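**Student:** Whatever this is, show me its structure:
(chains A and B)
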Amino acid sequence: MKRLRSALIGINRRSANRRIAAEQALLEQAVHSLEQQRAAHKLAIQRLEAETEQLRKRRDETFVRIRHLEEAPPSDAEAKVGPSPVEEDAEPSSSPSTPLRMGDALVDAGTITDAQLEAAMSSQKQFGGRLGDILIDMGFLSVQQLDEVVTSQPKKGRLGDQLVEAALITEEQLQQALLFQQKSGGLLGDILLSLQLIEAEDLYRAIASQNNIGRIGSELSINTPVRLPEELARELGIVVIHQYINRFLVAVSDPLTEEQMEKVQELLGMPLEQVLATRAEMERFWRDIYGSEMLHESISKLADEQPHNSALQTFTRLQIGGFVLVVIAIAIGLSFQFWATLLTVNLIIQLFYFVMSSFKFTVILFGSRRNSQFRYTPEEIAAIDERELPVYTILVPMYKEAQVVPHLLHNLERLDYPKAKLDVRLLIEEDDDEMRTILTEMNLPPYYTVLVVPDGLPKTKPKACNYGLIRARGEYVVIYDAEDQPDPDQLKKVFLTFRQCPEEFACIQAKLNYFNSDQNLLTRWFTQEYSMWFELLLPGIMQLNVPIPLGGTSNHFKMSVLQELGAWDPYNVTEDADLGIRLYKHGYKTAIVDSRTWEEANSRTGNWIRQRSRWFKGYLQTWLVHMRNPVKLVREIGFKGFIGFQVMILATPLLPLLNPIFWLMLVLWFGFQVGMIQQFFPGFIYYLASFEFYVGNFLFIFSNVAGVYWVIHELENRGDRFFSYKLVRYAILSPIYWVLMSIAAMKAAWQLITKPFYWEKTEHGLTEQPALSQSLAEHNLQAIHQQAADTADVSEEPATTPPQG
Amino acid sequence: MMNYKRTLGGYHPDDVQRYLELVRLELTIIQDQLACEQAKFEERFAARQKEAELLRGDLFEALALERRIIDAEAIPGSEAGPGNGSGEGSDPS
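**Tutor:** Okay, the predicted model is just below:
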């Protein structure tokens, strides 16, 4: 009976699953323990092996020294040891007037031999650290013996005095840097480097000496299997670079506090010795040790932490189901009520056109108000106390754009911002050999860092930006394209805007426009469109407080907010528009500042269509991502925000997709008087469509005219740059431009299904920039190419960056 | 358990029992493996440590011998000569 009952009813599924889950949890715990144990064993053995290897090497070296000592007659000892390798390291400061350095003093006192000093220095050269520690560690010296020498060494003064004393800079140069510091603030070391008055190596050696810590070895190669958890390493800005028998050597960019030292020592189980590394060296270590984590973060952070905001998945099942349902409903409707269905669809489309046009025009009206942008006078800019300016990160993603490098550097150098407070990060792709060669060989100022983004899909601009952001130092961050020409005072204007705005303003968008507007018809149309978008539409959106699709470049962020939001979505090909929406969703606001960045308008039709199709595809991606749950979206951004989102994100690619259908009808009606067309527009629909046709089209053309006229007028008043008023008249031909848009929209729709993450690369550098003459650009480029050609070996090397002084 | 046959009210008790036994068996195997690997490691580690100790002893002896030779030869400081640049960042510890 019992068996029958058990066979029929069995064990309750929930309680069985609970028991099984408990047992499985124990099993998983055991598996985890096994993995941890194996890792700990491996590490312990590796550490012991490294120690054994060091001991063996030292023993053998000691025997060699003993043999030399025994073989050489006492009087020859000095000659045999030879000063050669040591003398190579002699510094200009080792003049007879300067006090003896510690190594010399120890040799002179007979405490150690030249050979021992040489062995210690060889170790120092390889890994770094303080010579005294190394001598004690190698058994050549006792702590007491060292103390005697240390007390006889002169006390170290201030950094500037120390550098002058060592003849690394002159007194005049120090005064120049101090004056600069007085005006703009910042650290003396940063200023000296930014003014290119000293080499990073010399400066860091002095700073290390001042802080009583060592420098890393000049021939360092990281050889320890021990590494700190990435999170801790990033928090403290350190990497483990070597394991001595009795301590770990960690590279730091800023000396650690006692507390931090203890924390790391506890984790590593051995004492620490800090060695100072330049920012460029730290970048290299990070790439070598944490490269895979950095790549993973730049690709997967958003998808891992906020999958609902990531475009990794283009269509959700629900969305596909919804689309299929709509298509089926239309098909059924057409089968049973052909005309009624067609008219209903037409009515919906006409209403959509009407709402979109009306909303857009309202936005433009708001945008034409004088206070829709943050404006500053030259006097206000001049009144900024530069000491208050924060470190500013500039990200410049580039791919196969060697021809614009001279322009880029020229434009960045024009920025009116203390160079010591700039953190320029040039982001190039691993397979872009030409750019790597050029940038590696250029002697870039120390506030530039060249970062090679490891290869890996998706190969997109946002991925590169995420990669560059990981170790960025700025309080604010901005993206510029390689061909961008920002107004020199843009960073200062943004600083003022952030300071003036409430805390929730996390992004400031500068206005984009084109320097080559007069090149051909395409660039004229493009200029009109951009003028309308950035001069009227975006400021209007800011006024109405609806989500802003950010422009591709010149958007300035608060670093903390950008990191909080998970930065850019590497799977979205208009990551800027998507970020604008996410900012809004999180309650942050965007402002428009009256400062322009001049870009190069696409002057070739194919190139233009490629670029525009990417934009449309990205807008569609963004719409799909945020419309996964429309009800939730309404709750997050409100009804007004929701309508704004549809107007800006959906209508932008959808209208060009729908337009050809109605153009075809127009041709059929006016050209061939096809009667069916008349049936398609009965009564109310006809009046709505007519209004759209006459008034809507007029308003679109008018807004383009107004936008470009606005720019021309404003620039004329300022007298700093002129567009020709003739530009306005080309607006009449805008419908031809709309045809190109429709072609791009169709391409985008097709790519959304076939290649959603594919980045249509836009070719830049097709037009000469006005600010840099042809001959100068050619000369620069030739010089760079010549430099690059002289060096066969191509290797990534971050440019030197300034230290804490 | 998804693939197991179901009764009207839940799983077959035999199936559940068999599955639990399998999990426990696997757990036992892993625990044995943990102990076994720990023992092997301790043995290996002790051997390496002994080797390191021997090497350390050798090194100390060699360093002591070197010190004796240096002291015996008593190289005068003045003979070593100044100005050989004593190392990168020659900071005292």
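
**Student:** any idea of the mean pLDDT in stretch A:19-34?
**Tutor:** Average pLDDT, stretch A:19-34: 90.

**Student:** tell me which residues in that stretch are buried?
**Tutor:** Neighbour-count burial for stretch A:19-34 flags A:20, A:23-24, A:26-27, A:30 (criterion: 16 or more other C-beta atoms under 10 Å in any protein chain shown). Bear in mind the C-beta positions are built from the backbone N, C-alpha and C, glycine included.

**Student:** tell me the SS of A:Val593?
**Tutor:** strand (DSSP: H, G, I helix; E, B strand; the rest coil).

**Student:** beta partners of it?
**Tutor:** A:Phe374, A:Ala510 (DSSP bridges).

**Student:** OK, contacts around it?
**Tutor:** A:373-374, A:490, A:493-494, A:497, A:508-511 (C-beta atoms under 8 Å, 6 or more residues apart in numbering or on different chains).

**Student:** Show me which pair in the buried residues of stretch A:19-34 is furthest apart.
**Tutor:** The span of the buried residues of stretch A:19-34, defined through C-beta to C-beta, is set by A:Ile20 and A:Ala30 at 15.6 Å.

**Student:** list the helices and strands the longest helix seen in chain B packs on?
**Tutor:** In chain B, with assignment by DSSP state H, the single longest helix is helix B:13-73. Counting contacts by 3 or more C-beta pairs under 8 Å, 6 or more residues apart in numbering or on different chains; DSSP states H and E, helix B:13-73 is packed against helix A:13-71.

**Student:** give me the number of residues near residue 47?
**Tutor:** The chain I'm using is chain A. A:Arg47 has 20 neighbours, counted by other C-beta atoms under 10 Å in any protein chain shown.

**Student:** that answer is for a different chain, and I need it for chain B
**Tutor:** 11.

**Student:** on that earlier part again, which of the buried residues of stretch A:19-34 come close to chain B?
**Tutor:** With C-beta under 8 Å from any C-beta of the partner chain as the criterion, the buried residues of stretch A:19-34 include A:20, A:23-24, A:26-27, A:30 near chain B.

**Student:** Could you list the low-confidence segments of chain B?
**Tutor:** B:1-9, B:73-93 (pLDDT under 70).

**Student:** Look up the pLDDT of A:Trp148 for me, please.
**Tutor:** One thing to correct before we go on: residue A:148 is Glu, not Trp. 71.

**Student:** what's the neighbour count on it?
**Tutor:** 13.

**Student:** And for the strand or helix carrying it, what's in contact with it?
**Tutor:** A:Glu148 is part of helix A:143-152, with elements assigned from DSSP states H and E. Contact with helix A:143-152 is made by A:102, A:105-106, A:109, A:111, A:132, A:135-136, B:92-93, as judged by C-beta under 8 Å, 6+ apart.

**Student:** same question, stretch A:492-509
**Tutor:** A:374, A:376, A:380-381, A:384, A:389-390, A:416-417, A:476, A:478, A:487, A:510, A:538, A:548, A:550-551, A:554-558, A:561-562, A:579-580, A:583, A:587-595.

**Student:** now, which of these lie within strands?
**Tutor:** A:476, A:478, A:510, A:555-558, A:589-595 (DSSP state E).

**Student:** Pipe the residues you listed into JSON lines and attach pLDDT and distance to A:Val695 per row.
**Tutor:** Output for the ones in strands among the contacts of stretch A:492-509, formatted as JSON lines (pLDDT from 0 to 100; distance: C-beta to C-beta, whole Å):
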{"residue": "A:Tyr476", "pLDDT": "94", "distance to A:Val695": "43"}
{"residue": "A:Val478", "pLDDT": "94", "distance to A:Val695": "39"}
{"residue": "A:Ala510", "pLDDT": "91", "distance to A:Val695": "33"}
{"residue": "A:Asn555", "pLDDT": "91", "distance to A:Val695": "33"}
{"residue": "A:His556", "pLDDT": "94", "distance to A:Val695": "37"}
{"residue": "A:Phe557", "pLDDT": "94", "distance to A:Val695": "39"}
{"residue": "A:Lys558", "pLDDT": "93", "distance to A:Val695": "42"}
{"residue": "A:Lys589", "pLDDT": "89", "distance to A:Val695": "32"}
{"residue": "A:Thr590", "pLDDT": "90", "distance to A:Val695": "30"}
{"residue": "A:Ala591", "pLDDT": "89", "distance to A:Val695": "32"}
{"residue": "A:Ile592", "pLDDT": "89", "distance to A:Val695": "27"}
{"residue": "A:Val593", "pLDDT": "90", "distance to A:Val695": "33"}
{"residue": "A:Asp594", "pLDDT": "87", "distance to A:Val695": "31"}
{"residue": "A:Ser595", "pLDDT": "89", "distance to A:Val695": "34"}
